[in-house]
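# Provided below are the primary sequence and the corresponding predicted coordinates.
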Number of protein chains: 2
Amino acid sequence: MSLPRPKNLIRPLVHDLHAYVPGEQPKIKGLIKLNTNENPYPPSPKVLRAVKAAVDGRLRLYPNPTAEKLRAKLAIFHGCQPENILAGNGSDEVLALAVRGFVEPAKNPKSKIQNPKLLVQYFTPSYSLYSVLADTHGAVKNAVALNADFSLPSVAELQRGGQWNFHAALTLVTTPNAPSGRGYSTAELEKLCRAQKGVVILDEAYVDFANENALKLALKFPHVLVARTFSKAYSLCFQRVGYFVGHAELIAALDKMRDSYNVNGLGQIAAEATLDDLKFYRANFKKIISTRARLARELTKCGFRVLPSATNFILAKPPLFPAEAWLEKLRAKKILVRWFSAPAVKDYLRITIGTEAEAQSLVQAVKDVIRDA
Amino acid sequence: MSLPRPKNLIRPLVHDLHAYVPGEQPKIKGLIKLNTNENPYPPSPKVLRAVKAAVDGRLRLYPNPTAEKLRAKLAIFHGCQPENILAGNGSDEVLALAVRGFVEPAKNPKSKIQNPKLLVQYFTPSYSLYSVLADTHGAVKNAVALNADFSLPSVAELQRGGQWNFHAALTLVTTPNAPSGRGYSTAELEKLCRAQKGVVILDEAYVDFANENALKLALKFPHVLVARTFSKAYSLCFQRVGYFVGHAELIAALDKMRDSYNVNGLGQIAAEATLDDLKFYRANFKKIISTRARLARELTKCGFRVLPSATNFILAKPPLFPAEAWLEKLRAKKILVRWFSAPAVKDYLRITIGTEAEAQSLVQAVKDVIRDA
């Protein structure tokens, strides 16, 4: 009796997939890690205490399946109802749910003529996960370039360009943008939202480092969701907590599709305690923003072209060598930054804002590289 | 300018979904909770120490994206390679990934004539999540009844029955079965696996309480995956760690589809420490199995018909009142058990094996109900 061949058991769609590539997490002693936009500061002592206090026999029990307390606190924080919040295993999970909940899979995702119901739309460059999520679902992708300075094209520009689809089932906007760091005003985001007929996700993973956020648009419009995460601003990457804010009907739809216990218990506890100690985090944001300004000045002096940033990282075009070569030169000095091969950003390094000391080490390493050039 | 209506933004498939209903997690003081098959014993002290020790500034960093250490330890535990392991946010996540990775979504899931590539197949009763996962993906479902005593129909019986599909893209078997508790021999599971042309998942969530497990089938056959979880036997529901063992090609396919940081960091650490202290857990399994035997004897004396169990729960048909009435009568005595409305099991209560003291409280409550009848 012949056995099935594994290759034939896997959907053709999956064969062609290229998984999202997360930034390296190397275990090198003394490495300064400025490649994955983690917060350089630890969670608040109150958060650590709350999590430690929960590590006991209760780990044997299921966590709250709807992250009830966390959603109640988030509702107060954002001035909405718990029904407007969907908690997830990091914001990556809620983004993936949105693709599956709002976009029909296509028979042939590569065909040119397509129903907008099959369409996942986003700007490039932005969070590179979006295209992976669309491919994984079998959705059709519409990737439209940001302006050359990474600003958002206006609705009129998008109309003139002719490539953008105002009826796309799902439009994803990273705001502030990654990997450029550029911030967008709520006014321009509102204009874009008003023009879209499908769901719009404003992915605000980095918004705590910006001057303004667009959360009110999620509460104002029935088709706008704002994605947030505890990972970056709230130093909680390890425990995977992210969420959507938006219309209760959209939230309820995705709620039906998620795994029943999708947010781990200690993650819920950590996120709840975080919301009880926001003062601690706001002080961190200030420190990071001030380090960002200083780092930008210093790198500019060294000949880098540093783009304006509303995030906890900067995108900077280095002098003398190609960006990819700089990646290696800095790595040799035990400083890890990130480089993307995509055409729009391949001349840049993306550098996470570390502590003041880490930023100074980076500047020193840059000076050493230039001196030895 | 008119705004979109939320209802029109959600896929029709999602409108019709009924989400999986997890067992209640009520916060009632002094409640004896025997409804969600949690382990009554806490995790090992070594596990608690390992998790507490990890609650520090490192929470700001991303967890290992591939659960590398955990998969290495699991590979040693199971006598395979890390490439044979996919770790997930509970086994629910890996089960959902399998449906999405191996089964094509259908244009019309309710149509009678269907390609087996669209088919998710399982026995009833079994883990009620399977049908939810199929619906969520838009797959076609083929639910075939177990024998009346919850034993597995033989291949010959399935052939004669004419309902079973040996070419189904995905077949899910809960083994030992839930909610009946009935164990299946590896020999009979092997015969079923040999007859199937698509992927077979042996969902062994409860297998540590059984006499044998079928893990070797996942290492022997290219189309068999075994699902395991740290939730039940290893007292770790709170932290959501489950996994598949199987052929590297199937594992690699699902690995491309999962969220990049799907297993939270403290969950990884807890699961790793668990594998370093298996002796502790094996002693728990023995205690639970011995309580199970005692509880079955006592309830039988009270007039219950208790089915044989290879799990940490029993299915038992109560005397005097309908099972649903017993649910309420026990709840009034602060004992929570589970009742399912599905026809095959609606005359039964599913009772999680608690501590020896909890089991005695249950027996006393049962006697009180009977006395007051």
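The structure has been received and is ready for your questions. Here the structure is a predicted model, which is why all the values come from computation and not from measurement. Residues are numbered from 1 along each chain as shown, chains lettered A, B, ... in the order given.

# Identify the residue nearest A:Phe304 in space, chain neighbours excluded?
Of all residues not flanking A:Phe304 in the chain, A:Ala316 sits nearest, at 4.5 Å (Cβ to Cβ, 6 or more residues apart in numbering or on different chains). (Glycine included, C-beta is placed from N, CA and C.)

# count of neighbours near the one you found?
26 (other Cβ atoms under 10 Å in any protein chain shown).

# Over to the one 10 residues further on?
A:Trp326 has 22 neighbouring residues, counting by other Cβ under 10 Å.

# Low-confidence stretches in chain A?
Filtered on pLDDT under 70, chain A yields the residue ranges A:1.

# just the strands in it please.
A:32-33, A:85-89, A:119-124, A:140-145, A:170-174, A:199-203, A:224-229, A:241-245, A:305-306, A:313-317, A:335-336, A:349-352 (DSSP state E).

# among the ones you listed, which is nearest B:Asp368?
strand A:85-89 (40.6 Å; Cβ to Cβ).

# Next, the angle strand A:224-229 makes with the closest one.
40 degrees (axes from the mean of the first three to the mean of the last three Cα atoms, to 10 degrees).

# what sits up against strand A:85-89?
Taking contacts as Cβ atoms under 8 Å, 6 or more residues apart in numbering or on different chains, the residues outside strand A:85-89 that touch it are A:66-67, A:70-71, A:74-75, A:78, A:94, A:97, A:240-246, A:251, A:254-255, A:258-259, A:262-264, A:267-268, B:89, B:240, B:259, B:262, B:264.

# nearest spatial neighbour of whichever residue of the stretch 51-200 of chain A sits closest to chain B, skipping sequence neighbours?
Here the stretch 51-200 of chain A gets closest to chain B at one residue, A:Gly57, 3.2 Å apart by Cβ to the nearest Cβ. Spatial nearest neighbour of A:Gly57, excluding adjacent residues (Cβ to Cβ, 6+ apart): B:Pro42 at 3.2 Å.

# What separation do you get for that neighbour and B:Gln25?
According to Cβ to Cβ, to the nearest Å, B:Pro42 and B:Gln25 sit 17 Å apart.

# What of A:Ser44?
Taking Cβ to Cβ as the measure, A:Ser44 falls 27 Å from B:Gln25.

# Neighbour count: these two, which is higher?
Between A:Ser44 and B:Gln25, A:Ser44 has the larger neighbour count (other Cβ under 10 Å), namely 22 against 18.

# you'd agree the more buried one is up against A:Arg282?
No - using Cβ atoms under 8 Å, A:Ser44 is not in contact with A:Arg282, being 10.8 Å away.

# A:Leu295 against A:Ile314, yeah?
Yes - counting by Cβ under 8 Å, A:Leu295 touches A:Ile314, with 6.7 Å between them.

# which residues do the two both contact?
What both A:Leu295 and A:Ile314 touch, as defined by Cβ under 8 Å, 6+ apart, is the set A:Ile351, A:Ile353.

# nearest residue to the residue nearest to the spatial centre of chain A other than its sequence neighbours?
For chain A, the residue nearest the mean C-alpha position is A:Ala205 (4.6 Å; Cα atoms, centre = their mean). Closest residue to A:Ala205 apart from its sequence neighbours, by Cβ to Cβ, 6+ apart: A:Thr229 at 5.1 Å.

# Tally up the residues packed near A:Ile288, please.
Residues lying near A:Ile288 (other Cβ under 10 Å) number 26.

# Enumerate every residue touching it.
So A:Ile288 contacts A:Asn39, A:Pro40, A:Tyr41, A:Phe209, A:Asn312, A:Ile353 (Cβ under 8 Å, 6+ apart).

# wait, which of the residues you listed is closest to chain B?
Distances from chain B to the contacts of A:Ile288, taken by Cβ to the nearest Cβ, are shortest for A:Asn39, at 5.0 Å.

# neighbours around the nearest residue to the closest one once chain neighbours are set aside, how many?
Leaving aside its sequence neighbours, A:Asn39 sits nearest to A:Ser235 (Cβ to Cβ, 6+ apart; 4.2 Å). Counted with other Cβ under 10 Å, residues neighbouring A:Ser235 total 27.

# Is it correct that A:Ser235 is in contact with B:Tyr62?
No - A:Ser235 is beyond contact range of B:Tyr62, at 11.4 Å (criterion: Cβ under 8 Å).

# shared neighbours of these two, anything?
Counting by Cβ under 8 Å, 6+ apart, the residues touching both A:Ser235 and B:Tyr62 are A:Glu38.

# is it true that the residue nearest to A:Phe304 touches A:Val306?
Yes - between A:Ala316 and A:Val306 there is a contact under Cβ under 8 Å: 4.5 Å.

# Now list whatever residues contact both of the two.
Listed as contacting both A:Ala316 and A:Val306 by Cβ under 8 Å, 6+ apart are A:Ala296, A:Leu299.

# ok, back up a step: what sits against the residue of the stretch 51-200 of chain A closest to chain B?
By Cβ under 8 Å, 6+ apart, the neighbours of A:Gly57 are B:Tyr41, B:Pro42, B:Pro43, B:Ser235.

# Looking at these, point me to the pair that's furthest apart.
Farthest apart among those - using Cβ to Cβ - are B:Tyr41 and B:Pro43, which lie 8.2 Å from each other.
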